[in-house]
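[1] Attaching a predicted model along with its sequence, questions to come.
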Amino acid sequence: MPDQTARPLDALEATIRERAERPSEKSYTSRLLTGGVDAIGAKVIEEAGELVEAASEPGDAGRSHFVYEAGDLVYHTLVLLRARGVELAEVEAELAKRFGVSGITEKAKRRQAGSEQVEGEVR
Ligand SMILES: N=c1c2ncn([C@@H]3O[C@H](COP(=O)(O)OP(=O)(O)OP(=O)(O)O)[C@@H](O)[C@H]3O)c2ncn1[C@@H]1O[C@H](COP(=O)(O)O)[C@@H](O)[C@H]1O
């Protein structure tokens, strides 16, 4: 049982890690993890599409649906991170590194450096 006082994202990550370590037939997460990076990746793409579609739905119901779909995408992304052996803390550290660096400035620097850098390379 995850720590109820933890941030929801941390609690969800802990549950997903638990499913990876102790797979269960009754677990959707375990089933997803069994499919590996390609199958989970396909699901992430599907969920991203559903989120974008929901983004233009009007009214309170549309807004609620959009939030619901965002939850689906975040959950499936966390499962993909687990399948790749990446911790949420690593993603948070990556985002923290970008604090104060405008995306426009960052892109201009890459252009200046010659060519677009491969994702994951040091900025
Ligand atoms: N947050 C989630 C979560 N969000 C979405 N989903 C599931 O993700 C699936 C979303 O797929 P779709 O929207 O495409 O709906 P679908 O057509 O039913 O799905 P498919 O048949 O296409 O796979 C649904 O089955 C949802 O129930 C989630 N399943 C689990 N969790 C969390 O993971 C925990 C562990 O779950 P189990 O691993 O199933 O025990 C749960 O207690 C939750 O906290």
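    Yes, it's here.
[2] Low-confidence ranges, the chain, go.
    Low-confidence segments of the chain (pLDDT under 70): 2, 115-123.
[3] I'd like the next helix or strand past the longest helix that it contains.
    Counting residues, the longest helix in the chain under DSSP state H turns out to be helix 28-55. Of the helices and strands lying after helix 28-55 in sequence (DSSP states H and E), the nearest is helix 59-83.
[4] between whatever helix or strand comes next after that following helix and helix 59-83, how many degrees?
    Next along the chain after helix 59-83, taking DSSP H and E as the criterion, comes helix 88-97. Interaxial angle of helix 88-97 relative to helix 59-83 (axes from the mean of the first three to the mean of the last three C-alpha atoms, to 10 degrees): 110 degrees.
[5] Can you tell me how far the most centrally placed residue in the chain is from G85?
    Nearest residue to the geometric centre of the chain (C-alpha atoms, centre = their mean): T77, 3.0 Å. From T77 across to G85, the span is 14 Å (C-beta to C-beta, to the nearest Å). In short, each C-beta sits where N, CA and C put it, glycine included.
[6] same thing with V37?
    10 Å.
[7] the more surrounded of those two?
    Legend: neighbour count by other C-beta atoms under 10 Å for V37 and G85, higher for V37 (12 against 8).
[8] so that one makes contact with L81?
    No: contact status for V37 versus L81: not in contact, 10.3 Å apart, counting by C-beta atoms under 8 Å.
[9] Perfect, I'm done here.
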